[in-house]
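A.B. asks: generate coordinates for the sequence data below:
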Amino acid sequence: MSFNYDSNIVEDLFNKTKDELKKMIPVNIMIIGKTGVGKSTLVNSIFRENLAETGIGQPVTKHLRKITKDGVPVRIYDTKGLELKTEIQKEIMHEINSKIAELYATGDEKEYIHVIWFCINSNSNRIEQYEIEMINEFSKTTPVILVLTQSFGENAAIFKKSLDSMNLTTRAIQTILAEAYKINSDISIPSHGLKELVGKTYEILPEAVKKAFNNAQKVDIDKKTKDAKVWAMGYVAGSFGAGFTPVPFSDAVILVPMQIGMLAHITAIFGVSLDKALFSSIVASIGGSGGATFLGKYIVSNLFKLIPGVGTVVGGMICGTTACVLTTALALSYIKVLAIVAEKEYAGKSINNEEIAKMMKDIYNENLKKGNTQKN
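C.D. replies: Numbering: from 1, shown residues only. Got it, this is the predicted structure:
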């Protein structure tokens with residue numbers, strides 16, 4: 001029976017995580033720039049699973065295609081490289097404006113273009129007049145971030161300073177080097193600016209799509225960790241209310257689904273692969289054999305209510321506090337472990353489930369000690 005209980009937890013966690021992912025409204029990002037500016041490199045450096053290489057590109061106009069991939073809640077609207085011919089420039093501008101207007105006409109927020117990344121190669125050291133006109137036109141309806149690609153050296157900084165002084169209608173200007181630039185066999189310039197671009201984009205996105213963007217991006221794991229902790233604290237507060245009940249042994253019925261929901265929400269934020277074997281290892285690591293922790297900890301907390309002479313309110317307060325300590329330890333431990341899992345996965349490194357399980361157990365026990373010390 002214990003084993004089945006453990007198996008149900010893993011299955012529920014897996015299914016609830018999928019449900020959380022389905023609830024996400026995909027973020028829609030349009031990327032504009034000349035041929036060779038590095039749009040595909042930018043996309044693959046920001047988002048997981050190399051969208052520009054493995055996603056499905058569906059033409060939506062002559063010069064515009066939509067890139068999507070199952071399991072990654074982002075839609076990339078990629079323009080063909082801007083040409084120097086005036087007629088081509090006007091055609092592309094018209095197509096983009098028409099597509100934006102068409103998407104807004106649906107009245108459905110999940111279809112809107114939420115942000116435009118307008119890319120210019122820093123090495124060009126100039127912005128064309130038609131690019132300024134495009135930025136001014138598009139920014140009337142959609143937030144525009146000017147992304148200066150292949151930025152390194154003093155010239156890039158001077159170019160950005162020059163653009164800053166022009167008071168363009170962009171919401172931000174960000175220099176980036178999406179991939180490390182190799183100078184010779186011994187020296188290379190590391191990539192930079194991606195985390196800042198993610199942060200600036202996140203700030204201007206509608207609340208409804210921020211979770212999807214955070215799930216899809218892979219460069220700022222600290223951002224995922226921060227958001228996961230904010231969400232987890234809401235569940236922790238709920239665990240206090242669930243623990244504050246006069247019915248012996250009823251906490252497990254309320255708290256277990258609540259904690260599974262919390263873990264599913266955290267998993268969805270990190271955007272890691274859904275791996276039942278990994279979930280099983282983590283659950284077993286904190287439950288011992290037969291889910292002892294998931295079920296047993298609530299029985300222990302309920303023992304306070306069975307002590308003769310302890311009033312219902314007092315007993316409830318003790319159990320509520322205990323539930324908070326346990327749920328907080330579980331949340332913080334799981335978040336820390338998923339951050340490690342995400343970092344390895346995004347770097348293309350293999351994950352040893354046994355190693356992760358041991359790490360989860362050690363971190364969980366340490367957080368329990370901290371929680372009990374603070375409680376006392």
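A.B. asks: only C-alpha atoms for contact and neighbour calcs from this point on.
C.D. replies: Fine.
A.B. asks: got a list of contacts for stretch 143-150?
C.D. replies: With contacts defined as Cα atoms under 8 Å, 6 or more residues apart in numbering, stretch 143-150 is touched by 37-38, 114-123, 135, 138, 160, 169-178, 201, 204.
A.B. asks: tell me which of these fall in strands.
C.D. replies: Those of these mapping onto strands are 115-121, 172-175, per DSSP state E.
A.B. asks: and the two most separated of those?
C.D. replies: In the ones in strands among the contacts of stretch 143-150, two members sit farther apart than any others by Cα to Cα. They are 115 and 121, at 19.3 Å.
A.B. asks: C-terminal to the host helix or strand of residue 265, what's the next element?
C.D. replies: Residue 265 belongs to helix 251-270 when assigned by DSSP states H and E. Scanning forward in sequence from helix 251-270 by DSSP H and E, the next helix or strand is helix 276-287.
A.B. asks: now that next one - C-alpha only, CSV.
C.D. replies: Extracted C-alpha coordinates of helix 276-287, given in CSV (Å, rounded to 0.1, in the frame of the first residue of the first chain):
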residue,chain,number,x,y,z
LYS,A,276,8.8,10.5,-14.0
ALA,A,277,12.1,8.8,-13.0
LEU,A,278,13.4,12.1,-11.7
PHE,A,279,10.2,12.8,-9.8
SER,A,280,10.3,9.3,-8.3
SER,A,281,13.8,9.7,-7.1
ILE,A,282,13.0,13.1,-5.5
VAL,A,283,9.9,11.8,-3.8
ALA,A,284,11.7,8.7,-2.5
SER,A,285,14.6,10.7,-1.2
ILE,A,286,12.4,12.7,1.2
GLY,A,287,9.9,10.0,1.9
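A.B. asks: what residues are bridge-paired with residue 173?
C.D. replies: Beta bridges link residue 173 to residue 146 when assigned by DSSP bridges.
A.B. asks: make sure residue 142 is indeed in a strand.
C.D. replies: No: note on residue 142: no strand contains this position according to DSSP: H, G, I helix; E, B strand; the rest coil, which reports coil.
A.B. asks: backbone phi and psi for it, please?
C.D. replies: Main-chain dihedrals, residue 142, degrees, to the nearest 10: phi -140, psi 140.
A.B. asks: ok, the nearest residue to it once chain neighbours are set aside - how many residues close by?
C.D. replies: Among residues not flanking residue 142 along the chain, residue 115 sits closest, at 6.0 Å (Cα to Cα, 6 or more residues apart in numbering). Residues near residue 115, counting by other Cα atoms under 10 Å, number 23.
A.B. asks: does residue 74 count as helix, strand or coil?
C.D. replies: With three-state DSSP as the basis, residue 74 sits in strand.
A.B. asks: repeat that for residue 59.
C.D. replies: Per three-state DSSP, residue 59 ends up strand.
A.B. asks: quick one: it from residue 212, how far?
C.D. replies: Using Cα to Cα, to the nearest Å, we find residue 59 at a distance of 23 Å from residue 212.
A.B. asks: which one of these two has more residues nearby?
C.D. replies: residue 212 (23 against 14).
A.B. asks: assign that one to helix, strand or coil.
C.D. replies: Of the three states, residue 212 takes helix according to three-state DSSP.
A.B. asks: report pLDDT for it.
C.D. replies: Reported pLDDT at residue 212 in the predicted model: 96.
A.B. asks: that one and residue 28 touch, don't they?
C.D. replies: No: with contact defined as Cα atoms under 8 Å, residue 212 does not reach residue 28; the gap is 9.9 Å.
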